[in-house]
Structure formats: structure tokens, C-alpha cells
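K.L.:
Predicted model and sequence below, questions to follow.
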Amino acid sequence: MNIVSKLVEVHVFRMKGKHLEFLLLKRSEREIYPGLWQMVSGKIRKNEKAYSTAVRELKEETNLSPKKLWIVPNVNSFYDAGGNSMNLIPVFAALVDETLEVRISREHTDFRWLSKSEAIKRLAWDGQRKSVEIISNYFLKEMNFLNFSEVKIAGKQFYCG
């Protein structure tokens with residue numbers, strides 16, 4: 001069995017006063033897992049850094065760019081029986097400007113800005129729900145306790161800080 005990392009998850013959020021709102025996208029009927037609500041996700045291209053994939057997929061799927069990007073201390077995972085591989089998925093949190101307009105790609109048919117509890121109800125997998133909990137706790141309660149690594153964005157260059 002191989003261990004691979006070919007995908008990323010990007011939990012997009014905005015601040016509304018003292019509350020977070022998470023962006024969820026509804027998958028198109030033409031896609032795998034039709035009608036499923038999810039965060040931004042996508043495949044890592046050859047020689048692409050996972051954090052670069054996160055920014056690229058965010059732009060492709062929503063037309064948004066992050067104000068700030070963090071590595072969430074959580075790795076999602078699943079077993080692929082067809083490829084007999086264990087897939088590890090790095091998780092990112094992307095803060096976006098609350099005034100920007102979301103324009104979804106053809107991969108999705110709808111989007112919603114949701115509270116933490118509403119987002120958790122719509123997400124299908126436990127690891128995704130756990131990431132929303134971690135992000136919410138970090139930004140609203142325990143900023144000094146959890147250790148999120150910010151990915152610095154300088155123009156179009158990215159580096160982990």
C-alpha cells in the first residue's frame with residue numbers, strides 16, 4: 001500500500017463582527033459526489049506546493065483570493081481501494097474579504113456562507129467537520145494555544161512562516 005498526498009482542502013471563512021462564516025460549495029450533478037456540500041478542494045499538480053494549490057483552487061472555484069492563509073493542524077485522510085493507497089490531505093484556512101463577491105465554477109451549483117454549526121451539519125465527513133471546529137476555536141477562543149502556521153503571501157510568491 002502507498003501513502004500519497006494528491007489533494008488539498010481549503011476552509012474559506014470571513015469575519016462578520018465577532019463571528020466566523022464558512023463558505024461551502026454544492027457539487028454539480030456532473031461531478032463525483034453530486035449534490036454534496038464541501039469546502040474548496042482540489043488536486044495538487046506535479047511540482048506544485050500544497051499551499052500554492054490551495055490558493056489556485058480557491059481562485060478557480062470561487063474567484064476569491066485569500067487575505068491570509070494558514071496551515072491547519074489537521075490532516076484529513078481516506079483509503080482508496082482502487083489504488084490501494086492511503087491519502088493524506090493537508091488542510092488550509094483562508095481568510096477572505098467579506099465584501100468580495102463569490103463566483104463559483106462549473107464544478108458547483110450553489111454556495112452558502114454559514115455559521116460554524118450550520119457548516120458542520122452540511123459537511124459529510126468527520127475530518128472536515130473537525131477542521132471547522134479547529135479553525136473556529138483558534139480564531140475565536142484560543143489564538144495563543146493552537147499553533148497555526150501562516151503561509152505568507154507576497155505578491156504571487158508564497159512561503160511558510
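P.N.:
Everything's here; your move.
K.L.:
The nearest residue to Arg112 once chain neighbours are set aside: what secondary structure?
P.N.:
Leaving out its chain neighbours, the residue that sits closest to Arg112 by Cβ to Cβ, 6 or more residues apart in numbering is Leu24, at 5.4 Å. (Each C-beta comes from the backbone N, C-alpha and C, glycine too.) Classification of Leu24 using DSSP: H, G, I helix; E, B strand; the rest coil returns strand.
K.L.:
State the distance from Leu24 to Asn47.
P.N.:
Leu24 sits 30 Å away from Asn47, going by Cβ to Cβ, to the nearest Å.
K.L.:
If you count surrounding residues, which of the two has more?
P.N.:
Leu24 (24 against 6; other Cβ atoms under 10 Å).
K.L.:
Identify all contacting residues around stretch 30-45.
P.N.:
5-12, 22-29, 50, 53-54, 56-58, 60-62, 89, 94, 106-107, 112, 122-124, 128, 131 (Cβ atoms under 8 Å, 6 or more residues apart in numbering).
K.L.:
what about the closest residue to Ile44 other than its chain neighbours, neighbour count?
P.N.:
Nearest non-adjacent residue to Ile44, counting by Cβ to Cβ, 6+ apart: Thr53, 4.6 Å away. Using other Cβ under 10 Å, Thr53 is surrounded by 21 other residues.
K.L.:
Quick check: phi and psi on Thr53?
P.N.:
Here is the backbone geometry of Thr53 (degrees, to the nearest 10): phi -60, psi -40.
K.L.:
counting contacts, what elements does the top helix by length along the chain pack onto?
P.N.:
In the chain, assigned by DSSP state H, the helix with the most residues is helix 126-140. Counting contacts by 3 or more Cβ pairs under 8 Å, 6 or more residues apart in numbering; DSSP states H and E, helix 126-140 packs against strand 7-16, strand 19-27, strand 68-80, strand 85-95, helix 116-122.
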